[in-house]
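Engineer: generate coordinates for the sequence data below:
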Amino acid sequence: MTSKEPNEKKLINPALPGGFRDALPEDMIAKNAMMDTIRGVFERFGFDPMETPAVERNEVLVGGEAESDRIIFRVAPAVRGEVKDITRDETSLRFDLTVPLARVHANGH
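Structural biologist: Next up, the predicted model:
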């Protein structure tokens, strides 16, 4: 079968994108043990667990600082696989946990 035939199936390369790696069982067992130790110490000192979304509104992330706008990765909304150019409530991936923690506190939690 030549590569020009329409029924030929293209093989997919199962490699990860650059900069990413899988966390295999041996690594996760060690990580979970460390996290359990850290969690226990935090709980003994009165801290409670919380988790915030990985995506925040741009307005919250950059806070009016033009320099902050350069370090965020925007999330483009898609409808049925087609990326839309919607500027209302633009969102980006958070770059650390400082802003989400401040947002939670500002919301009275």
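Engineer: buried residues in the helix or strand where residue 31 lies, which are they?
Structural biologist: Per DSSP states H and E: residue 31 is located in helix 25-44. Going by neighbour count (16 or more other C-beta atoms under 10 Å), nothing in helix 25-44 comes out as buried. C-betas here are computed from N, CA, C, even on glycine.
Engineer: next secondary structure after it?
Structural biologist: The helix or strand immediately downstream of helix 25-44 is strand 55-57, counting by DSSP H and E.
Engineer: counting by contacts, list what that following strand packs against.
Structural biologist: strand 91-93, helix 98-106 (3 or more C-beta pairs under 8 Å, 6 or more residues apart in numbering; DSSP states H and E).
Engineer: related to what we said a few turns ago, and the contacts of the helix holding residue 31?
Structural biologist: By C-beta atoms under 8 Å, 6 or more residues apart in numbering, the surrounding residues in contact with helix 25-44 are 23, 49.
Engineer: mind exporting that helix as PDB, just the C-alpha atoms?
Structural biologist: Extracted as PDB, the C-alpha positions of helix 25-44 are listed here (Å, rounded to 0.1, in the frame of the first residue of the first chain):
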ATOM      1  CA  PRO A  25       3.800   3.800  40.100                       C
ATOM      2  CA  GLU A  26       7.200   3.700  41.800                       C
ATOM      3  CA  ASP A  27       7.500   7.500  41.600                       C
ATOM      4  CA  MET A  28       3.900   8.100  42.700                       C
ATOM      5  CA  ILE A  29       4.300   5.800  45.800                       C
ATOM      6  CA  ALA A  30       7.300   7.800  46.900                       C
ATOM      7  CA  LYS A  31       5.600  11.100  46.100                       C
ATOM      8  CA  ASN A  32       2.400  10.100  48.000                       C
ATOM      9  CA  ALA A  33       4.500   9.100  51.100                       C
ATOM     10  CA  MET A  34       6.200  12.500  51.100                       C
ATOM     11  CA  MET A  35       2.900  14.300  50.600                       C
ATOM     12  CA  ASP A  36       1.400  12.300  53.500                       C
ATOM     13  CA  THR A  37       4.200  13.400  55.700                       C
ATOM     14  CA  ILE A  38       3.900  17.100  54.700                       C
ATOM     15  CA  ARG A  39       0.100  17.000  55.000                       C
ATOM     16  CA  GLY A  40       0.400  15.600  58.500                       C
ATOM     17  CA  VAL A  41       2.800  18.400  59.600                       C
ATOM     18  CA  PHE A  42       0.500  21.100  58.100                       C
ATOM     19  CA  GLU A  43      -2.500  19.600  59.800                       C
ATOM     20  CA  ARG A  44      -0.700  19.400  63.200                       C
END
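Engineer: this completes my enquiry, with thanks.
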